[in-house]
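J.: missing the sequence, but the structure's below:
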């Protein structure tokens with residue numbers, strides 16, 4: 001007896017298109033992984049592992065579905081796997097993960113990842129130099145507060161205040177751009 005054929009199977013994704021989609025989703029996926037993992041290095045590893053897994057299983061991806069959601073699911077599974085393997089407690093339960101996923105989905109459907117990142121870059125370019133240096137040392141160079149303060153040659157309390165002021169300036173700038 002012949003196996004039943006599916007009446008309609010979704011079209012396969014073009015592997016050449018895969019790299020373009022990865023570029024489009026890389027930064028938002030890093031942010032998502034950072035929320036889960038709590039550390040930038042661990043987040044980068046999770047995203048890298050997710051990209052490898054996505055590449056290996058791309059033939060099973062249904063192109064009629066949302067690629068970002070699919071990738072976030074892979075990152076979530078890699079994160080859970082990492083927590084189990086390293087006997088780490090999972091800091092988020094399923095309801096919290098569902099809320100996070102819904103927030104990301106709503107954000108992606110709204111202004112979108114690219115729109116927000118462009119607005120944020122514009123706001124960062126408007127920061128005074130001393131605030132911009134604090135943001136760069138902390139976020140771009142992935143330094144902790146002590147390391148960023150040492151790099152900038154200032155006291156830790158001064159660094160924290162500059163970073164606080166920079167965050168507030170960025171928040172206000174983003175709010176006025178809406």
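T.: Nice, thanks for sending it over. Only a predicted model underlies this, so the values are computations on that prediction, with no experimental measurement involved.

J.: What are the phi and psi values at the one residue sitting closest to the centre of the chain?
T.: Nearest to the centroid of the C-alpha atoms of the chain, with distances taken as Cα atoms, centre = their mean, sits residue 31, at 2.2 Å. Backbone torsions of residue 31, given as degrees, to the nearest 10, read phi -60, psi -40.

J.: Please tell me how far it sits from residue 176.
T.: 22 Å (Cβ to Cβ, to the nearest Å). Heads up, the C-betas are built off the backbone N, CA and C, glycines and all.

J.: Equivalent analysis for residue 150, please.
T.: 34 Å.

J.: Same question for residue 135.
T.: Counting by Cβ to Cβ - residue 135 and residue 176 are separated by 18 Å.

J.: rewinding a little: between residue 150 and residue 176, which one's more packed in?
T.: residue 150 (15 against 9; other Cβ atoms under 10 Å).

J.: Give me the next element, helix or strand, following the helix or strand hosting the more buried one.
T.: Element membership for residue 150, per DSSP states H and E: helix 145-152. As assigned by DSSP H and E, the chain's next helix or strand after helix 145-152 is helix 156-177.

J.: Show me what stretch 129-136 is in contact with.
T.: Stretch 129-136 has contacts (Cβ atoms under 8 Å, 6 or more residues apart in numbering) with 124, 127, 148, 152, 159, 162-163, 165-166, 169-170.

J.: mind putting those residues in JSON lines, neighbour count, pLDDT and distance to residue 78 included?
T.: Output for the contacts of stretch 129-136, formatted as JSON lines (neighbours: other Cβ atoms under 10 Å; pLDDT from 0 to 100; distance: Cβ to Cβ, whole Å):
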{"residue": "124", "neighbour count": "18", "pLDDT": "88", "distance to residue 78": "30"}
{"residue": "127", "neighbour count": "18", "pLDDT": "93", "distance to residue 78": "34"}
{"residue": "148", "neighbour count": "24", "pLDDT": "90", "distance to residue 78": "29"}
{"residue": "152", "neighbour count": "18", "pLDDT": "94", "distance to residue 78": "35"}
{"residue": "159", "neighbour count": "24", "pLDDT": "92", "distance to residue 78": "33"}
{"residue": "162", "neighbour count": "23", "pLDDT": "92", "distance to residue 78": "35"}
{"residue": "163", "neighbour count": "19", "pLDDT": "89", "distance to residue 78": "30"}
{"residue": "165", "neighbour count": "15", "pLDDT": "92", "distance to residue 78": "36"}
{"residue": "166", "neighbour count": "23", "pLDDT": "91", "distance to residue 78": "32"}
{"residue": "169", "neighbour count": "18", "pLDDT": "90", "distance to residue 78": "35"}
{"residue": "170", "neighbour count": "18", "pLDDT": "86", "distance to residue 78": "30"}
